[in-house]
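>>> Build me a structure from this.
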Amino acid sequence: MINEAERLKEIIRFDTELSTVHDLDIMLERILTEARKIISADAGSIYIKDGEDLVFSYAQNETMQKLLPQGQKLIYLTFRVNINTESMAGYVATTGETLNIPDVYRTTEESPYHFDSSYDRVSNYKTTSMLTVPLNNNRGVVIGILQLINKHDEEMKVVSFDSEDEIVCLHFASTASMALQRAQLTRALLLRMIAMAELRDPSETGPHVNRVASYATEIYERWAQKRNIPQEDINKVRDVFRMAAMVHDVGKVAISDMILKKPGKLTEKERSIMKGHACLGAQLFIDKQSEFDEVASQAALRHHENWDGTGYPGYIDVKTGKPIKTDTHGNAVPLKGEEIPIFGRIVAIADVYDALRSKRAYKEAWPEDDVQREIKKLSGQKFDPEVVEAFFSCIDILKSISHRYPDSE
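This next block holds a predicted model:
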């Protein structure tokens with residue numbers, strides 16, 4: 001439990017730090033982590049308003065987390081509930097009021113809201129104190145809910161949230177709301193870019209790129225942790241990498257429909273043209289003005305390079321698309337092994353994993369076991385063995401991500 005001076009320092013630090021986070025998913029995770037830390041809450045969750053529903057987006061639980069092996073994460077499935085005053089989160093979303101409840105199990109029958117204890121029964125966790133605050137936009141409209149659970153005192157006993165916690169949490173919510181709106185705008189802009197690609201290639205959908213990007217950041221985190229990269233540095237890269245991975249195939253907007261939508265097998269010439277999407281995508285970020293441009297360029301350009309040196313586009317001048325290192329036939333020499341940037345190596349496996357387990361017009365979805373066998377088989381050939389190891393170390397998280405971003409029926 002932190003004292004008041006430390007709490008103030010944490011709030012000031014986070015107000016500054018939050019301005020550097022841009023990706024929506026990373027933003028939600030960071031908001032919840034820091035809110036729990038500042039208020040000394042054992043657990044918490046964030047709901048985002050979507051029309052008439054609240055979408056359960058992120059949850060954390062320190063007590064349950066400690067039961068897992070080091071490096072593992074709790075798995076929560078995303079779900080949505082209709083906004084009404086019956087649930088505590090729904091009540092806050094409807095009224096815009098803050099709820100501070102010392103013991104959720106002692107809520108009176110006369111109360112307009114009630115506590116659903118089914119989650120406690122399933123997880124074998126006891127919720128007691130709960131602080132629920134609205135996340136409002138600059139017009140005062142509720143855009144989400146921040147819910148903190150089980151405040152701990154210095155002896156790690158569960159106590160009630162006090163009035164000072166409410167003030168601090170409301171300030172925190174105000175700052176987080178502004179950052180959240182910015183992150184939502186950034187995500188919307190990226191998805192509009194993806195929508196242009198989807199007009200050309202039906203497989204390049206919003207759910208697909210969100211899944212690939214989420215897979216990629218989880219794999220990167222495991223890979224980086226094994227290399228003892230500091231968590232603070234990992235968090236900074238995750239923020240940029242998640243956005244960059246979303247646009248890995250955006251170069252397809254420049255490929256002819258005759259090729260992208262051809263129902264049959266491509267000719268050798270057509271395959272050659274299709275391969276050009278990697279360079280075309282990288283060219284969109286050639287005027288590098290930020291770290292995002294650099295990472296997005298690498299993800300787009302290198303996600304079809306193979307660990308064994310059989311991929312593409314190889315050593316080329318991105319501006320012209322012409323080879324700068326050729327073989328005896330005049331073709332660009334492919335990159336091999338660690339010559340391939342790590343962002344390309346990770347997006348490669350994330351993209352293939354999602355493609356194999358997804359239904360397409362030309363194929364059925366593969367069973368999960370078959371997909372994993374294929375990934376193992378391609379280790380050391382198409383994929384970096386170290387990245388494959390990171391992939392399998394977080395496979396349960398990856399499977400849960402697919403439920404968060406389902407394909408439209």
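>>> Helices along the stretch 101-250 of the chain, start to end?
If DSSP state H, counting those that start in this stretch is used as the criterion, the helices of the stretch 101-250 of the chain fall at 118-123, 163-200, 206-226, 231-246.
>>> Among the ones you listed, show me which one is buried the most.
Per-residue neighbour counts averaged over each of the helices of the stretch 101-250 of the chain give the maximum for helix 206-226, namely a mean of 23 (mean count of other CB atoms under 10 Å). Glycine gets a C-beta too; all of them are placed from N, C-alpha and C.
>>> shouldn't residue 376 be in contact with residue 388?
Yes. Taking CB atoms under 8 Å as the contact criterion, residue 376 and residue 388 are neighbours in contact, 7.0 Å apart.
>>> ok, the two, which is more surrounded?
Between residue 376 and residue 388, counted using other CB atoms under 10 Å, the more crowded position is residue 388 (20 against 14).
>>> where does the closest residue to residue 196 other than its chain neighbours land on pLDDT?
Once flanking residues are discounted, residue 196 sits nearest to residue 253: 5.4 Å by CB to CB, 6 or more residues apart in numbering. We note a pLDDT of 83 for residue 253 in this prediction.
>>> Residue 2 too?
Looking at residue 2, its pLDDT is 64.
>>> what is the mean pLDDT for stretch 189-209?
Taken as a whole, stretch 189-209 carries a mean pLDDT of 73.
>>> For it, measure first residue to last.
End-to-end distance of stretch 189-209: 13 Å, with CA to CA, to the nearest Å as the criterion.
>>> try stretch 136-154
With CA to CA applied, stretch 136-154 spans 32 Å between its terminal residues.
>>> buried residues in it?
Neighbour-count burial for stretch 136-154, counted by 16 or more other CB atoms under 10 Å, picks out 136, 142, 143, 144, 145, 146, 147, 148, 149, 150, 151, 152.
>>> element containing the residue lying closest to residue 283 once chain neighbours are set aside?
Excluding its sequence neighbours, the residue lying closest to residue 283 (CB to CB, 6+ apart) is residue 318, at 6.1 Å. Under the criterion of DSSP states H and E, residue 318 resides outside all helices and strands.
>>> which residues of this structure score low on pLDDT?
Filtered on pLDDT under 70, the chain yields the residue ranges 1-5, 7-8, 11-12, 14-15, 77, 197-205, 361-362, 408-409.
>>> mind listing the strands for it?
Listed from the start of the chain, the chain has strands (DSSP state E) covering 41-50, 53-61, 79-82, 99-101, 130-136, 142-152, 158-159.
>>> so how far is the fourth one off the chain centroid?
On the basis of CA atoms, centre = their mean, to the nearest Å, the separation between the geometric centre of strand 99-101 and that of its chain is 30 Å.
>>> Kindly report the same for stretch 23-32.
Relative to its parent chain, stretch 23-32 has a centroid offset of 8 Å by CA atoms, centre = their mean.
>>> Over to stretch 168-188?
Once both centres are worked out by CA atoms, centre = their mean, stretch 168-188 turns out to sit 17 Å from its chain's centre.
>>> got a list of contacts for that stretch?
Outside of stretch 168-188, the residues within contact range by CB atoms under 8 Å, 6 or more residues apart in numbering are 7, 11, 14-15, 18-19, 21-24, 27-28, 31, 34-35, 38-39, 98, 131, 133-138, 143-144, 146, 148, 161, 243.
>>> please redo it, this time with the cut-off set to 6 Å
Contacts of stretch 168-188 with the rest of the structure, by CB atoms under 6 Å, 6 or more residues apart in numbering, involve 15, 18, 22, 24, 27, 31, 35, 39, 133, 135-137, 146.
>>> residues contacting residue 130?
Residues in contact with residue 130, defined by CB under 6 Å, 6+ apart, are 101, 104, 149.
>>> Could you do residue 76 as well?
Listed by CB under 6 Å, 6+ apart, the contact partners of residue 76 are residue 59.
>>> ok, now how distant is it from residue 64?
According to CB to CB, to the nearest Å, residue 76 stands 10 Å off from residue 64.
>>> and residue 370, how far is that from residue 392?
15 Å.
>>> Of those two, which one has the most company?
The neighbour comparison of residue 370 against residue 392 (other CB under 10 Å) goes to residue 392, with 15 against 12.
>>> Tell me how the chain divides into domains.
According to automatic domain parsing, the chain is divided into the following domains: 4-183, 201-404.
>>> Quick one: those domains as TSV, columns for distance to residue 191 too.
Listed next are those as TSV, based on distance: least, CB to CB, whole Å:
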stretch	distance to residue 191
domain 4-183	10
domain 201-404	5
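>>> do you know which of these lies nearest residue 190?
Judged by CB to CB, the one of the domains of the chain that comes nearest to residue 190 is domain 201-404, at 5.2 Å.
>>> Pull the distance from that closest one to the chain's centre.
Its chain's average C-alpha position is 16 Å from that of domain 201-404, according to CA atoms, centre = their mean.
>>> do the same with stretch 25-33
10 Å.
>>> And stretch 27-38, by the same measure?
Centre to centre, stretch against its chain (CA atoms, centre = their mean), the figure for stretch 27-38 is 15 Å.
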